[in-house]
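# Below are the sequence and a predicted model for it; my questions follow.
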Amino acid sequence: RRPVLTANSRLTPQRLLIQVIEARNVPMRDKSGRGGQDYYEDDNGRRRQDNNRRSNQRQDFEADDQELLNEMARTSKGGAADRFDFDEDIDLVGLRERSRVSPVIKISFRDHEAKTAPAEGTNARWKETITMPLEDLTSDLTPQRLLEMNDNIYVSLFDEVRIKQGNASRRGVSGRDAGEQEGMLEQRYLGQLSIPFSTVYKAGRVEGFFKVMTPDVTMGYAAKRGKKNSGYDSSSQGASRSAWAGIGGIPGFGGGNTPSGGGRPSSPRGGGGDDGGGGNAAFSTSAQELMIQGESATYLKVMCTLDPHLPAPNLDVDIVQADESGKLVRHARHWLAKMRGWHGDKDGFESREDRVFEAMVPNMHGEHVFLSRYLRPAGQAPPSDSLYRWEEGGAPKPPSGDASYGYRQDVAHCARFVSMIPFLDDFKAFKEYDMWCTSGQFLDILAGDWGEHAVLLWNYFQWLKVNGKWPGNRDDVIFYLVIGRAIPEGHSVYVMQYYPGDPRTAVFWNACTGHAYGAGDPRCPLQDVGCLVTPDNIYGNTQRDGRPQVLSQSGGLDVTDASRWQPFFNPKMSKDKRDAFRVGASIQEPVLDYLRPANDTTCEELQEQLEELIKTHLRGWREKLRQSRGAKTKFTEFMKIELRNRLAEVLEQLESNKVSSNPKPIDYSRIRQQTNDRELHAVTLNFPYTDTEAVLDKIKTVGAHECMHDDVQYLLAVHVAPYPCGIFSVWVYYGTALPIGR
């Protein structure tokens, strides 16, 4: 898109305001420190039930409760009883939750960094505003320059832990001085979200509950379960609770990376699903199950704005050059003018000035094409398992980890594959244009924004339906390309899965992340539906409230209702009149060409390269923090090579669970056996590989390098899973191992 800007415009000095309001479902510390499944393996490799674990945890809770009451008695004048009418009125569960996590929010924007005061509990509240200057970031603060800024506002969630020991130091404290202090503070990474600065500038204000991209595995923490399994899952891997469990962002698919760079969300199957199995929840396309899974995810309510407020430039672009008939172009202009100038119904409801409407979009050559032509009625076939079956040696191992299983053409694999394609905003890449690629061009470039991801996923889903491979073999499902407004990205494109006559079962898919949301989910990041696109028509939303939750409950998703939707082509239009517009066939390639995935040798070389790179930079980061102390950075694999192998096995199983129809539980007891004398605080990160700098940025965000304990050891393992077309799914297991008791 070419923005309309004021000539020679220059902005006065600005500041960025970020208000951190509250959090929901922050993971708690697992005091047992054990996590994992309720079994262990003996020396002969046989699984044994850990019968003492639950009783031990119950004893820990009872001890915690008594400790809390004693602390209340010490800190209140009249003792604990005076603070409550009756002892039984004391909310020990609430007190326990508040005492087992102290959330802190760290805001990062370019070279600026600030953090909030620590709060308490799993549903923490701050209402704290952080200010960051803009005028020192660049001397060119024109509207054009601000629109082109690639920077993201990173909002990271940490747990601030007070360590009661005397031989550790933290950032800014030298070793000898630290040894004289007790109660040093340590910050443990729990997740992150990112907000594009350009979105804040264009919208003027961005506010809402944002889903935190939590790791699939967070050792030492327990995550809340959904309604079916109330309470907290005391598992070393279960900190991530995605709206769907399983794919790098879909219910059941486990966490990963956000389009703007933060780390993609989890999917319908569950990267750390609701069962605490680290991605073991069954994959689902059910709106009801997705909402239940979404209830246990971690959210932050944040508001971002500029002070003083700046009017955003007009980004609506006229259709100047088009690869369509003149009659179709004129009709598109008329329809868009009508929709953008719509002022509500006869009752005088106010118009939605921020609603997004599209009819034609520019292709790679800058020529506008009718949007429906990007959808192919027969769909496009996703990658098949034949790509993983080489006759010669060196064939790659499929993501499932099972060569006999291969790579299936199903919903889980389609969503996972699309979400692993790197994200790149068109406006940031091409400066002046928002260009839409065909699916073949998208796979050649191997980068795209919301439009390219959603179009590819729509065509995959349509192919599954046409070929009888949609779950339940239901042929009544309808897929729509959704043009709308979402948080945090603003203008966005989703895919809607819809069953006529049952709007509450509709599901909205974020193709970039792999996340799916039930239409009735109030936490769905899609804030307003502007258009629904099919291969032969476009429907503009004329309803006042375009939130999916409202539309699904009021019957507002029925595009045949002329009082709610304005079609681009009147359904009653005769065939002769429709033919006069000379709408061409789909511009999508009938058959997509897929490159074979990289072989095992290439993956192993990339794994080794990334491990050495992370080690080198970790040492450098720690040297800078310790200044001239010259502390050594030790890795546990130097002492116990077996531990590194166990970590790598966990990563491989996590990737396998994201695409397997029957995900397997992950046994963490073997890791504990290798580290009985140490307390582990580690996370897993999953993201598509783009370059080494992006990998290092994600590793540094965890902040484990800031641990200055004299005897800290680091856990590190990397696993690379190959996908077709040169796509790599990178997993990193990273954290610290401190002596118990310290």
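Sure thing, it's come through.
# residues of stretch 515-535 that come out buried?
Using 16 or more other C-beta atoms under 10 Å as the test for burial, stretch 515-535 gives 515-521, 523-535. C-betas here are computed from N, CA, C, even on glycine.
# tell me the mean pLDDT for that stretch?
If you average the pLDDT over stretch 515-535, you get 93.
# which residues sit in contact with P471?
Going by C-beta atoms under 8 Å, 6 or more residues apart in numbering, P471 touches T285, V411.
# same thing but at 6 Å, please
T285 (C-beta atoms under 6 Å, 6 or more residues apart in numbering).
# how near is it to E289?
As judged by C-beta to C-beta, to the nearest Å, P471 and E289 stand 12 Å apart.
# Quick check: which helices or strands does the strand or helix carrying L685 pack against?
L685 is part of strand 678-688, with elements assigned from DSSP states H and E. Applying 3 or more C-beta pairs under 6 Å, 6 or more residues apart in numbering; DSSP states H and E, one finds that strand 678-688 makes contact with strand 727-739.
# Other residues contacting the strand it packs on?
With C-beta under 6 Å, 6+ apart as the contact definition, strand 727-739 has outside contacts at 420, 636, 647, 651, 675, 678-687, 689, 704, 707, 709, 711-713, 715-721.
# Quick one, which of those residues are buried?
Restricting the contacts of strand 727-739 to buried positions leaves 420, 636, 647, 651, 675, 678, 680-687, 689, 704, 707, 709, 712-713, 715-721, with burial counted as 16+ other C-beta under 10 Å.
# returning to what we had before: what about the strand holding L685, average pLDDT?
Across strand 678-688, the per-residue pLDDT values average to 90.
# CA atoms only: put it into CSV for me.
Listed next in CSV are the C-alpha coordinates belonging to strand 678-688 (Å, rounded to 0.1, in the frame of the first residue of the first chain):
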residue,chain,number,x,y,z
ARG,A,678,20.5,-29.6,41.1
GLU,A,679,17.4,-27.5,40.7
LEU,A,680,16.4,-27.0,37.1
HIS,A,681,14.9,-23.9,35.6
ALA,A,682,14.7,-24.4,31.8
VAL,A,683,12.4,-23.7,28.9
THR,A,684,11.9,-25.0,25.4
LEU,A,685,11.7,-22.6,22.5
ASN,A,686,10.3,-23.5,19.0
PHE,A,687,10.5,-21.3,15.9
PRO,A,688,11.1,-21.5,12.2
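# Surely I130 is in a helix?
No: counting by DSSP: H, G, I helix; E, B strand; the rest coil, I130 falls outside a helix, being strand.
# Can you give me the distance of it to V702?
When distances are taken as C-beta to C-beta, I130 and V702 turn out to be 21 Å apart.
# Can you pick out the residue with more neighbours from these two?
For I130 versus V702, neighbours defined as other C-beta atoms under 10 Å are more numerous around V702 (24 against 21).
# Excluding covalently adjacent residues, which one is nearest to that one?
Setting aside the residues directly before and after it, V702 is nearest to Y189 in space (C-beta to C-beta, 6 or more residues apart in numbering), at 4.4 Å.
# where's the one you found, which helix or strand?
strand 184-196.
# What mean pLDDT does the next helix or strand after that strand get?
Along the chain past strand 184-196, the next helix or strand (assigned with DSSP H and E) turns out to be helix 197-203. Averaging pLDDT along helix 197-203 gives 85.
# any residues touching helix 197-203, and which ones?
For helix 197-203, the external contacting residues (C-beta under 6 Å, 6+ apart) are L146, L147, M149, D151, V206, C304, A312, P488, E489, G490.
# Let me know how buried the first one is, in neighbour terms.
What that stands for is L146. The tally of other residues near L146 (other C-beta under 10 Å) stands at 22.
# mind checking the SS state of it?
helix.
# Could you find the closest non-adjacent residue to it?
L146's closest residue in space is Y201 (C-beta to C-beta, 6+ apart), at 5.0 Å.
# what does R474 give?
R474's closest residue in space is Y499 (C-beta to C-beta, 6+ apart), at 7.5 Å.
# G735 too?
Using C-beta to C-beta, 6+ apart and skipping the chain neighbours, the partner closest in space to G735 is A682 (2.4 Å).
# my read: that neighbour touches Y714, true?
No: with contact defined as C-beta atoms under 6 Å, A682 and Y714 do not form a contacting pair (8.9 Å).
# wait, what's in contact with L680?
Taking C-beta under 6 Å, 6+ apart as the contact definition, L680 lies against M219, A737.
# residue ranges with poor pLDDT in the stretch 351-500 of the chain?
Judged against pLDDT under 70, the low-scoring parts of the stretch 351-500 of the chain cover residues 351-352, 389-407, 426-433.
# Can you show me the helices along it?
The residue ranges that make up the helices of the stretch 351-500 of the chain, judged by DSSP state H, counting those that start in this stretch, are 411-419, 426-430, 439-445, 450-466.
# want to throw those into TSV with distance to T601 and mean neighbour count?
Written out in TSV, the entries for the helices of the stretch 351-500 of the chain read as follows (distance: least, C-beta to C-beta, whole Å; neighbours: other C-beta atoms under 10 Å):
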stretch	distance to T601	mean neighbour count
helix 411-419	22	29
helix 426-430	32	17
helix 439-445	23	18
helix 450-466	29	25
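# Output those helices as JSON lines; include the columns distance to R100.
What follows is those, written out as JSON lines (distance: least, C-beta to C-beta, whole Å):
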{"stretch": "helix 411-419", "distance to R100": "33"}
{"stretch": "helix 426-430", "distance to R100": "41"}
{"stretch": "helix 439-445", "distance to R100": "45"}
{"stretch": "helix 450-466", "distance to R100": "38"}
